[in-house]
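[1] Structure, please.
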Amino acid sequence: MTVDQAVDLLRSCAKEIQKRFIVNLDRYCVRLVTKDGISALPDLTNLSVAT
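    Numbering: from 1, shown residues only. Presented below is the predicted three-dimensional model:
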């Protein structure tokens, strides 16, 4: 799985969480953990869910 695919999956999961639960976070912090260490990726924002 590429980093872009992982971020897309995280975005989909965050949208589903907002749809199913009473969670209204406007930002999710994303960290990439590899054998070389931990790095920060851009935060997930603007995850509005259409009703």
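[2] is it true that residue 25 lies in a helix?
    No: secondary structure of residue 25 (DSSP: H, G, I helix; E, B strand; the rest coil): coil, not part of a helix.
[3] Residue 4 and residue 30, how far apart?
    Relative to residue 30, residue 4 is positioned 12 Å away (CB to CB, to the nearest Å). All C-beta atoms are positioned from the backbone trio N, CA, C, and that covers glycine.
[4] Please say which of those two ends up with more neighbours.
    residue 30 (17 against 8; other CB atoms under 10 Å).
[5] what about the nearest residue to the more buried one once chain neighbours are set aside, neighbour count?
    Of all residues not flanking residue 30 in the chain, residue 41 sits nearest, at 4.2 Å (CB to CB, 6 or more residues apart in numbering). By other CB under 10 Å, 13 other residues sit near residue 41.
[6] buried sites along the helix or strand hosting residue 41?
    Element membership of residue 41 [criterion: DSSP states H and E] is strand 37-45. Within strand 37-45, the residues that count as buried by 16 or more other CB atoms under 10 Å are residue 44.
[7] For that strand, give me every contacting residue.
    3, 7, 10, 11, 14, 26, 27, 28, 29, 30, 31, 32 (CB atoms under 8 Å, 6 or more residues apart in numbering).
[8] now with 7 Å?
    By CB atoms under 7 Å, 6 or more residues apart in numbering, the list of residues contacting strand 37-45 from outside reads 7, 10, 11, 14, 26, 27, 28, 29, 30, 31, 32.
[9] Any figure for the gap between the most far-flung residue of the chain relative to its centre and residue 29?
    For the chain, the largest distance from the centre (CA atoms, centre = their mean) belongs to residue 36, which lies 21.3 Å off. The span separating residue 36 from residue 29 equals 20 Å under the rule CB to CB.
[10] what's the answer for residue 47, then?
    Distance from residue 47 to residue 29, by CB to CB: 13 Å.
[11] For the two, indicate the residue with more neighbours.
    residue 47 (16 against 10).
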